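Trainee: Requesting a structural model of the entry that follows:
(2 chains)
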Amino acid sequence: MNPTALRFGLWLLVTPLLIAALGLGFKGLAAVDSSLFFAWGYFIEVLIAGLLQGVMYSLVALGFVLIFKASGIFNFAQGSMVLFAALTMVGFIEMGLHWTLAFVVTAAVMVLLALAIERVVLRPLVNQPHIILFMATIGIFYFLDGFGQTLWGSDVKVLDIGISKAPIIVAEGVFENGLLINSFDLVAALVGAVLVAGLAVFFQYTRVGRALRAVADDHQAALSVGIPLKTIWAIVWSVAGIVALVAGIMWGSKAGVQFSLALIALKALPVLILGGFTSIPGAIVGGLIIGAGEQLAEVFLGPIFGGAIQDWFAYMLALVFLLFRPQGLFGEKIIERI
Amino acid sequence: MLYREAGQFKTSYAADQAIFPIRQDQIAIALMAAIAVLGVPALANEYFLETIFVPFLVFAMAALGLNILTGYCGQLSLGTGGFMACGAFFSYKLATAFPELHIVIVFLLAGLGTAGVGVLFGLPSLRIKGFYLAVATLAAQFFLVWMFNKFDWWTNYSSSGVISAPPRELFPGLFITGTQAGPVTKYLFLLVFVAVLALVAKNLVRSRIGRTWMAIRDMDIAAEIIGIRPLWAKLSAFAVSSFYIGIAGALWAFVYTGSVEALAFEINRSFQVLFMIIIGGLGSILGSFLGAAFIVLLPILLNNGMLAIDPTISTALVSHIEFMIFGALIVFFLIVEPHGLARLWQIAKEKLRLWPFPY
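Mentor: Now for the predicted structure:
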């Protein structure tokens, strides 16, 4: 095992342990005077809920990573793409299409959108500094938000594709009352896993996937062996659009399709910082850590700070991370002096 | 023909270094000042003063602050809303805890406090840049708004979480905050206050400290090699920028709205100010004002325009179309003129010098 892999492993192991220790410590302190033992079942329940929530963050973060890897653009508009995709899908379902058909049509719409963004926004901005492109995607963010809601209205909509939301109780023998798990979250986790596996296969074994990796590694070298950069960008944005659609369906059927969906993109930022901007596994692991850390912090530390610390906990975690490991857990080492 | 500098000779260094070296500019600026001080209060009614001129000046102040950080020093910040909230709540606590303190001093102290907070959240900029830094400032945004929202010490334990500006006088008998303050007094106070601070900013950015910021922005490694300390340059940019933004927040709460809650300074406020400096012009003092005017005026014009075309249009639809137009404008400006309105103004001036006989 090489030393870098060992270090990654250590980080992976230590971070959740630290979070768990924090939670344990505070819970332990609380338990001293009530002379009760720590409610392990509850702790694990919160942890699992957090991990599953984290999968949902990963779904959004994936879209960011795809685009960043291939074009070096940090696509702030990913969140509004999620919202737009969910709104469009609900719109088609309301027109009377079956949800599978609506999915296909919406996917086509997302591909069209990707082509339009590539043509109208990205191509004129080629060779601009990254920060300009970043601000351009903030513009796209606003435009899509307004466009989607102008087109489909701004009411909170229900997106139901028939996933059961009944809670499941497992491990009744081990813990008192068993563990309560939301079955919807399990399905979401499964979808996330399938999506990641699919993307991994796509990147690893297809011709287009290889071209994508080549572009990610070195634009100029890729160009000189005849890989068409513009086509690749259009493909990446399309794939990111479809990932946004999947994330939109999952978030939409969990929390309803509404404007706040666009803001979960902001939650994906700390996920990316933790996982690294260029790594697909990083997006997953980062999502899990942020999801679990956030839930545990809210439940066990929240009462100390007065609650609702979910709003900023993830960012603070990312901030601490930035100070010590700016490239994230799996990101490429940034060789750049500042 | 009119805009010629031929025959204007500079005989001293002071004349050479003037902010407006050309006589026509000096006349124009004097005219504008006269219009702003005498014409606007005489002609504009209360509605115009309260909904256009006062918010324009407050936003111009915030845009100035962000432009120092993002435009001059190149450090992207998405925490403007949080820092404005800092200014608002600091000044509220100061004004209520020390009622005899003069209100201008309260504003300046609140600005200084915000500068401290800005430096604290600017520390990561020594290790990271670009959108990594944007995420770090996002942490400031969410944390600060949460803090002011959560702990009611900041609002003096008001049940609604809303702070109301106590009435304060600029000179004895002349109220600039609270319900007795008239819109004309507010406007004139803001005008002078913002103009003075803009002048300070203009002189800052063309002096040594501003040049170090620009050097860091243009190429940090080269800047370091010629002897600029990045630590000092970046943190001073954060401090000065937060000072301006904090004062803008204080003015927002005290002079513009009169009562405000922490949620008024959400992430959208940060984007709004960022858009002002992108559209107005990154790295330009004039641009901050142009951008602020543009972003304040556009929604009002759009609203009235769309209502004039179709009176039955819903307000939700209007706000969505507003979003769309904002987004499209941002992209348009970045593609066509990344230096914003200020650059367009400069081009216009250069054209004007040759008009009507371009060679």
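Trainee: Relative to residue A:283, how far out is residue A:16?
Mentor: Residue A:16 sits 17 Å away from residue A:283, going by C-beta to C-beta, to the nearest Å. Backbone N, C-alpha and C define where each C-beta goes, glycine included.
Trainee: With neighbour numbers in mind, choose between the two.
Mentor: Shown here are residue A:16 and residue A:283; by other C-beta atoms under 10 Å in any protein chain shown, residue A:283 has more neighbours (30 against 17).
Trainee: The closest residue to the more buried one other than its chain neighbours: helix or strand, and which one exactly?
Mentor: Spatial nearest neighbour of residue A:283, excluding adjacent residues (C-beta to C-beta, 6 or more residues apart in numbering or on different chains): residue A:61 at 4.1 Å. Residue A:61 is part of helix A:40-71 when elements are defined by DSSP states H and E.
Trainee: tell me the mean pLDDT for that helix?
Mentor: Regarding helix A:40-71, the rounded mean pLDDT is 82.
Trainee: could you dump the helix or strand that comes right after it to CSV, C-alpha only?
Mentor: Using DSSP H and E, the helix or strand that follows helix A:40-71 in sequence is helix A:78-94. Extracted C-alpha coordinates of helix A:78-94, given in CSV (Å, rounded to 0.1, in the frame of the first residue of the first chain):
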residue,chain,number,x,y,z
GLN,A,78,-25.9,23.2,-10.7
GLY,A,79,-28.5,23.9,-7.9
SER,A,80,-30.8,25.7,-10.2
MET,A,81,-30.3,23.0,-12.8
VAL,A,82,-31.6,20.6,-10.1
LEU,A,83,-34.6,22.9,-9.5
PHE,A,84,-35.3,23.4,-13.2
ALA,A,85,-35.1,19.7,-13.9
ALA,A,86,-37.5,18.9,-11.1
LEU,A,87,-39.9,21.6,-12.2
THR,A,88,-39.9,20.5,-15.8
MET,A,89,-40.5,16.8,-14.7
VAL,A,90,-43.4,17.8,-12.5
GLY,A,91,-44.7,19.9,-15.4
PHE,A,92,-44.7,17.0,-17.8
ILE,A,93,-46.3,14.7,-15.2
GLU,A,94,-49.0,17.2,-14.7
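Trainee: element containing residue B:134?
Mentor: Assigned by DSSP H and E, residue B:134 falls in helix B:131-150.
Trainee: That helix and chain A, are they touching?
Mentor: Yes. Judged by C-beta under 8 Å from any C-beta of the partner chain, helix B:131-150 comes into contact with chain A at B:131, B:132, B:134, B:135, B:136, B:138, B:139, B:142, B:143, B:146, B:150.
Trainee: Please name the residues that touch residue B:196.
Mentor: Listed by C-beta atoms under 8 Å, 6 or more residues apart in numbering or on different chains, residue B:196 has no contact partners.
Trainee: elements contacting the helix holding residue A:61?
Mentor: For helix A:40-71, the packing partners by 3 or more C-beta pairs under 8 Å, 6 or more residues apart in numbering or on different chains; DSSP states H and E come out as helix A:3-34, helix A:78-94, strand A:179-182, helix A:183-205, helix A:207-217, helix A:229-255, helix A:264-275, helix A:280-296.
Trainee: please redo it, this time with the cut-off set to 7 Å
Mentor: In terms of contacts (3 or more C-beta pairs under 7 Å, 6 or more residues apart in numbering or on different chains; DSSP states H and E), helix A:40-71 is packed against helix A:78-94, strand A:179-182, helix A:183-205, helix A:207-217, helix A:229-255, helix A:264-275, helix A:280-296.
Trainee: Tell me the spacing between the residue lying closest to residue A:52 once chain neighbours are set aside and residue A:198.
Mentor: Leaving aside its sequence neighbours, residue A:52 sits nearest to residue A:185 (C-beta to C-beta, 6+ apart; 3.6 Å). Between residue A:185 and residue A:198 the computed distance is 20 Å (C-beta to C-beta).
Trainee: Equivalent analysis for residue B:45, please.
Mentor: 63 Å.
Trainee: neighbour count winner among these two?
Mentor: residue A:198 (11 against 8).
Trainee: And for residue B:116, the neighbour number?
Mentor: Neighbours of residue B:116 (other C-beta under 10 Å): 14.
Trainee: average pLDDT across stretch B:294-303?
Mentor: Rounded mean pLDDT across stretch B:294-303 is 88.
Trainee: and it, anywhere near chain A?
Mentor: No. Stretch B:294-303 does not reach chain A (C-beta under 7 Å from any C-beta of the partner chain); its nearest approach is 11.5 Å.
Trainee: what's the burial count for residue A:155?
Mentor: 11.
Trainee: Nearest spatial neighbour of residue A:139, chain-adjacent residues omitted?
Mentor: Using C-beta to C-beta, 6+ apart, the closest residue to residue A:139 is residue B:330 (3.1 Å).
Trainee: wait, the one you found sits on residue A:137?
Mentor: No. Counting by C-beta atoms under 7 Å, residue B:330 does not reach residue A:137; the two are 9.7 Å apart.
Trainee: Show me which residues of chain A are close to chain B?
Mentor: Within chain A, the positions near chain B by C-beta under 7 Å from any C-beta are A:74, A:121, A:124-125, A:130-132, A:134-136, A:138-143, A:145-147, A:149-150, A:154, A:266, A:269-270, A:273, A:306, A:308, A:311-312, A:315-316, A:318-319, A:322-323, A:326, A:337-338.
Trainee: ok, now how distant is the nearest residue to residue B:178 once chain neighbours are set aside from residue B:190?
Mentor: Leaving out its chain neighbours, the residue that sits closest to residue B:178 by C-beta to C-beta, 6+ apart is residue B:167, at 2.7 Å. Distance, residue B:167 to residue B:190, using C-beta to C-beta: 17 Å.
Trainee: Mind pulling up the pLDDT for residue 272?
Mentor: Since you didn't name a chain, this refers to chain A. Taking residue A:272 on its own, its pLDDT is 84.
Trainee: You answered for a different chain; I wanted chain B.
Mentor: 90.
Trainee: give the contact list for it.
Mentor: Listed by C-beta atoms under 7 Å, 6 or more residues apart in numbering or on different chains, the contact set of residue B:272 reads residue B:295.
Trainee: repeat for residue B:177
Mentor: B:103, B:165, B:167, B:168, B:254, B:255.
Trainee: For the closest residue in space to the first one that isn't next to it in sequence, give its distance to chain A.
Mentor: This points to residue B:103. Leaving aside its sequence neighbours, residue B:103 sits nearest to residue B:168 (C-beta to C-beta, 6+ apart; 4.0 Å). The spacing between residue B:168 and chain A, counted by C-beta to the nearest C-beta, to the nearest Å, is 31 Å.
Trainee: burial measure for the closest residue to residue A:90 other than its chain neighbours, as a count.
Mentor: The shortest distance from residue A:90 to any non-neighbouring residue, by C-beta to C-beta, 6+ apart, is to residue A:157 (4.6 Å). Residues lying near residue A:157 (other C-beta under 10 Å) number 18.
Trainee: what bridges to residue A:157?
Mentor: Going by DSSP bridges, residue A:157 is paired in beta bridges with residue A:257.
Trainee: For it, give me its contacts.
Mentor: A:90, A:256, A:257.
Trainee: Could you list the low-confidence segments of the chain?
Mentor: You didn't pick a chain, so chain A it is. A:1-8, A:10, A:23-40, A:162-166, A:170-179, A:306-307, A:331-338 (pLDDT under 70).
Trainee: Let me rephrase: I mean chain B.
Mentor: Ranges of chain B meeting pLDDT under 70: B:1, B:359.
Trainee: what's the single longest helix in it?
Mentor: Using DSSP state H, we find that the single longest helix of chain B is helix B:285-309.
Trainee: need the next SSE after it, C-terminal direction.
Mentor: Helix B:285-309 is succeeded, C-terminally, by helix B:315-336 (DSSP H and E).
Trainee: if we can go back for a sec, who has more neighbours out of residue B:167 and residue B:190?
Mentor: Neighbour totals were compared for residue B:167 and residue B:190, and residue B:190 leads with 22 against 14 (other C-beta under 10 Å).
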